[in-house]
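**Q** okay, predicted coordinates and the sequence, questions at the end:
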Amino acid sequence: EAQVTQNPRYLITVTGKKLTVTCSQNMNHEYMSWYRQDPGLGLRQIYYSMNVEVTDKGDVPEGYKVSRKEKRNFPLILESPSPNQTSLYFCASSLRPGGYNEQFFGPGTRLTVL
Amino acid sequence: SQQGEEDPQALSIQEGENATMNCSYKTSINNLQWYRQNSGRGLVHLILIRSNEREKHSGRLRVTLDTSKKSSSLLITASRAADTASYFCAPTYFNDMRFGAGTRLTVKP
């Protein structure tokens, strides 16, 4: 089944404790991205990747890191999480860059930073 | 900005009625996409309409695009309780794809 998976689905952590949210897709997509969703603000893009070893900042990259060492994986790293990073996070992938075709979204990761 | 702005923010209708949601944007686009999100879950792609298209259908969905007015509408006909969800538009310009805050649709049985 074609899908985007994220882990963990739920995470409660404390300020400053490094964490990684994994994202994997099995559709051989070149383009992957991370979004955060906050009430009233819609989805805002954090980082995106056009292909292996090619990543770039989205609209809200501060406090986040990403890497794309393999085509299928695009982990999101929070080196020192803060409470303002409490949010619902989505990974997405598409065959080509975001605007040209449909994006497939993962189920989301609900992160709480205390 | 490229970001879509949906209107209304919330819509409540009875099962069987039609639901219309609108999206406005401010800059040129290549295409515009609509997505649905069930509570707390990932977004699901509904339809993509290109800038040179005026109308597109998919099952009970009808999307229109008016580039002169920089607006789009999503019509869901004969709504069902299962259509209860948030709906987002995403105007896109090359790589740039910006989601709005969405319309929350509630369909009462």
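**A** All right, it came through fine.
**Q** next, count neighbours for residue B:18.
**A** Applying other C-beta atoms under 10 Å in any protein chain shown, we find 12 residues neighbouring residue B:18. Heads up, the C-betas are built off the backbone N, CA and C, glycines and all.
**Q** so what's it up against?
**A** B:75, B:76, B:77, B:78, B:79 (C-beta atoms under 8 Å, 6 or more residues apart in numbering or on different chains).
**Q** 6 Å instead?
**A** residue B:77 (C-beta atoms under 6 Å, 6 or more residues apart in numbering or on different chains).
**Q** enumerate the residues of chain B near chain A.
**A** B:30, B:42, B:43, B:45, B:92, B:94, B:95, B:97, B:99, B:100, B:101 (C-beta under 6 Å from any C-beta of the partner chain).
**Q** what ranges in chain A fall below the confidence cut-off?
**A** Applying pLDDT under 70 to chain A flags residues A:98.
**Q** circling back: out of the residues of chain B next to chain A, which is nearest to residue A:83?
**A** Using C-beta to C-beta, residue B:101 comes nearest to residue A:83 of those, at 21.9 Å.
**Q** so is that closest one in a helix, a strand, or just coil?
**A** Classification of residue B:101 using DSSP: H, G, I helix; E, B strand; the rest coil returns coil.
**Q** quick one on the thing from earlier: so which of the residues of chain B next to chain A sits lowest on pLDDT?
**A** Among those, residue B:95 carries the lowest pLDDT, at 73.
**Q** before we move on, the earlier item: okay, and which of the residues of chain B next to chain A map to strands?
**A** B:43, B:45, B:92, B:97 (DSSP state E).
**Q** make CSV from these and add neighbour count to it.
**A** CSV is the format used below for those (neighbours: other C-beta atoms under 10 Å in any protein chain shown):
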residue, neighbour count
B:43, 29
B:45, 17
B:92, 24
B:97, 28
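**Q** and residue A:92, bridged to which residues?
**A** Taking DSSP bridges as the rule, residue A:92 bridges to residue A:33, residue A:105.
**Q** contacting residues for it?
**A** Neighbours of residue A:92 in contact, by C-beta under 6 Å, 6+ apart: A:33, A:103, A:105.
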